[in-house]
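Novice: could you work out the structure for the sequence below:
(one chain, ligands or ions: 2)
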Amino acid sequence: MLAVKIHVRDLTFHYGSQCAIQGLNLDIYQGEILGLMGPAKSGKTTFLRVLNRMCDLVPTARVAGSVLLDGAEILGPECDVDGLRRRVGMVFAKPVPLPRSIYENLAFAPRLQKKHQHRHELDELVENSLKAAQLWEEVKDRLRDSALKLSGGQQQRLCLARTLAMQPEVILLDEPTSGLDPISTARIEETLTELKKDFTIILVSNNTKQIARCSDKVAFMLMSRLVEYGVTPEVFMVPKQKETDDYISGRFG
Ligand SMILES: Nc1ncnc2c1ncn2[C@@H]1O[C@H](COP(=O)(O)OP(=O)(O)OP(=O)(O)O)[C@@H](O)[C@H]1O
Ligand SMILES: [Mg+2]
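Specialist: Numbers count the residues shown, from 1 in each chain. Ligands and ions are numbered 1, 2, ... in the order given. Sure thing, here's the model as predicted:
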């Protein structure tokens, strides 16, 4: 029996008067990949931003409902937002390495966070994070080279490694392979499958085949609402809602 890591109840989110998430209820389990799919503007990115309170950065944002992380409310004023963002890491569609060395991309934030971390501890953290992101073998002899010299697929695995170096519990990925070729995409998908036992992963993708390949559970959002949620092969083989069927068979719109 898997444990619920994130418990979402009656979540509603507005940008000014515009509703981006309407009455969302969802449980997200530890040790699984939740695939979140849906057409443009359905609220997927907004949902990820709520989960690490990045949505706070939008002045007109209004949020209602409840999101519990390990049973503790994250939407209220009592939440330690910096601590939350360390626990809930995010990887974006476009990899944005710091214009520094591969090593520094990983060591920079952990060094700031724990001021007196010893060099050998940082070395170990860098190595372990690169190994977990399946990048170590390709870069171990050039850790001092600029991260900007890496290929797009390598940069995306570097960004994943950078998130892992913060030792999060939850990893949010917003269309992490949208700019990548099929081989780089496959590397990322393999990596996520390896990582899922130690983390809770939410993968947003417009690529329904990717969601079908990688995710354990799938959620389908349409126009700010959760239309369908279930075990991945069941949703793909026997969707309960006509909208889901239309979307996954490419008949949408
Ligand atoms: N910062 C913002 N200010 C105002 N409205 C926003 C903001 N960000 C998103 N929205 C609106 O909220 C709605 C949901 O957007 P969101 O980015 O969450 O969708 P999405 O499902 O991630 O779409 P896509 O597949 O295009 O990435 C859209 O109508 C969008 O225009
Ligand atoms: Mg988006």
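Novice: quick check: buried residues in stretch 91-108?
Specialist: Residues of stretch 91-108 classed as buried: 91-93, 95, 97, 101-108 (neighbour count, 16 or more other Cβ atoms under 10 Å). Bear in mind the C-beta positions are built from the backbone N, C-alpha and C, glycine included.
Novice: no wait, stretch 74-81
Specialist: 74, 75.
Novice: circling back: possible to save the buried residues of stretch 91-108 as a markdown table with secondary structure?
Specialist: Shown next, in a markdown table, are these (DSSP: H, G, I helix; E, B strand; the rest coil):
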| residue | secondary structure |
| --- | --- |
| 91 | strand |
| 92 | coil |
| 93 | coil |
| 95 | coil |
| 97 | coil |
| 101 | strand |
| 102 | helix |
| 103 | helix |
| 104 | helix |
| 105 | helix |
| 106 | helix |
| 107 | helix |
| 108 | helix |
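Novice: residue 6 contacts residue 28, correct?
Specialist: Yes: in this structure residue 6 lies within contact range of residue 28 using Cβ atoms under 8 Å: 4.1 Å.
Novice: any residues in contact with both of these two?
Specialist: residue 200 (Cβ atoms under 8 Å, 6 or more residues apart in numbering).
Novice: what strands line up against the helix or strand in which residue 25 is found, and which way round?
Specialist: Residue 25 is part of strand 18-29, with elements assigned from DSSP states H and E. Taking DSSP bridges as the criterion, strand 18-29 forms sheet pairs with strand 4-15 (antiparallel).
Novice: how much space separates the residue positioned nearest the centre of the chain from residue 156?
Specialist: Nearest to the mean C-alpha position of the chain, by Cα atoms, centre = their mean, lies residue 172 at 1.3 Å. Per Cβ to Cβ, to the nearest Å, residue 172 is found 14 Å from residue 156.
Novice: equivalent analysis for residue 183, please.
Specialist: Taking Cβ to Cβ, one finds residue 183 at 12 Å from residue 156.
Novice: so between these two, which is more surrounded?
Specialist: Taking other Cβ atoms under 10 Å, residue 183 and residue 156 do not tie; residue 156 has more neighbours (31 against 8).
Novice: list the buried residues for stretch 128-137?
Specialist: 128, 129, 130, 132, 133, 134, 135, 136.
Novice: got the end-to-end distance for it?
Specialist: 12 Å (Cα to Cα, to the nearest Å).
Novice: which bits of this protein sit near ligand 1?
Specialist: Applying Cβ under 6 Å from any ligand atom, one finds that the chain approaches ligand 1 through 15, 18, 20, 38, 40-46, 58, 206.
Novice: mind checking which of these are buried?
Specialist: Buried subset of the residues of the chain next to ligand 1 (neighbour count, 16+ other Cβ under 10 Å): 20, 38, 42, 43, 44, 45, 46.
Novice: just put those in a markdown table and tack on pLDDT and distance to residue 141.
Specialist: Converted to a markdown table, those look like this (pLDDT from 0 to 100; distance: Cβ to Cβ, whole Å):
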| residue | pLDDT | distance to residue 141 |
| --- | --- | --- |
| 20 | 98 | 46 |
| 38 | 96 | 42 |
| 42 | 97 | 44 |
| 43 | 97 | 44 |
| 44 | 98 | 38 |
| 45 | 97 | 37 |
| 46 | 98 | 41 |
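Novice: out of those residues, which sit inside strands?
Specialist: When those are checked against strands (DSSP state E), the matches are residue 20.
Novice: so of the buried ones among the residues of the chain next to ligand 1, which ones are in helices?
Specialist: Of those, the ones assigned to helices by DSSP state H are 44, 45, 46.
Novice: can you pull out the low-pLDDT segments for the stretch 1-150 of the chain?
Specialist: Applying pLDDT under 70 to the stretch 1-150 of the chain picks out residues 115-116.
Novice: identify the residue spatially nearest to residue 22, adjacent ones excluded.
Specialist: residue 224 (4.4 Å; Cβ to Cβ, 6 or more residues apart in numbering).
Novice: alright, I will stop here.
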